[in-house]
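A.B. asks: Quick one, fold the following:
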Amino acid sequence: QVQLQESGPGLVKPSQTLSLTCTVSGGSITTGDYYWSWIRQPPEKGLEWMGAIHYSGTTYNSPSLKSRTSISRDTSKNQFTLQLNSVTPEDTAVYYCARVVPEGYPEVWGQGTQVTVSS
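C.D. replies: Next up, the predicted model:
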């Protein structure tokens, strides 16, 4: 059974870079036609897909965040990472990593991690 776990700082100052890691267990991020994704939910708002890294290594970014996001992976650790640059309080959200199938829906979620951007 595949499990995902987010890790990273809970508090980030404005203008800094947020870095989150998703550790995957029970399956490899380099096998299967999956998109290992980052999704966030700001307070009182809906879910926002941020980007993904395909099992092949190809990365995809949301057009609205493309200039600020970078997704990478460490296959030796079976982890993938999100970096979000120049954060503002509007980036405050619960951040989730998820395994997304080719049909476009997440089938496995991490538990989520709260990130607050504040000075």
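A.B. asks: ok, for V100, nearest residue in space, not its chain neighbours?
C.D. replies: Leaving aside its sequence neighbours, V100 sits nearest to Y35 (C-beta to C-beta, 6 or more residues apart in numbering; 4.2 Å). Yep, even glycine has a C-beta here, placed from its N, CA and C like the rest.
A.B. asks: N78 too?
C.D. replies: Leaving aside its chain neighbours, N78 sits nearest to V24 (5.0 Å; criterion: C-beta to C-beta, 6+ apart).
A.B. asks: tell me the mean pLDDT for the helix or strand harbouring that neighbour?
C.D. replies: Here V24 sits within strand 18-25, counting by DSSP states H and E. Per-residue pLDDT values over strand 18-25 give a mean of 98.
A.B. asks: Each with direction, which strands does it pair with?
C.D. replies: strand 3-7 (antiparallel), strand 79-84 (antiparallel) (DSSP bridges).
A.B. asks: Run through the bridge partners of the residue most central in space within the chain.
C.D. replies: With distances taken as C-alpha atoms, centre = their mean, W38 lies nearest the centre of the chain, 2.6 Å away. With DSSP bridges as the criterion, W38 is bridged to G51, C97.
A.B. asks: and it, how far is that from S28?
C.D. replies: Distance, W38 to S28, using C-beta to C-beta, to the nearest Å: 19 Å.
A.B. asks: Would you mind measuring the gap between the ends of stretch 12-31?
C.D. replies: 33 Å (C-alpha to C-alpha, to the nearest Å).
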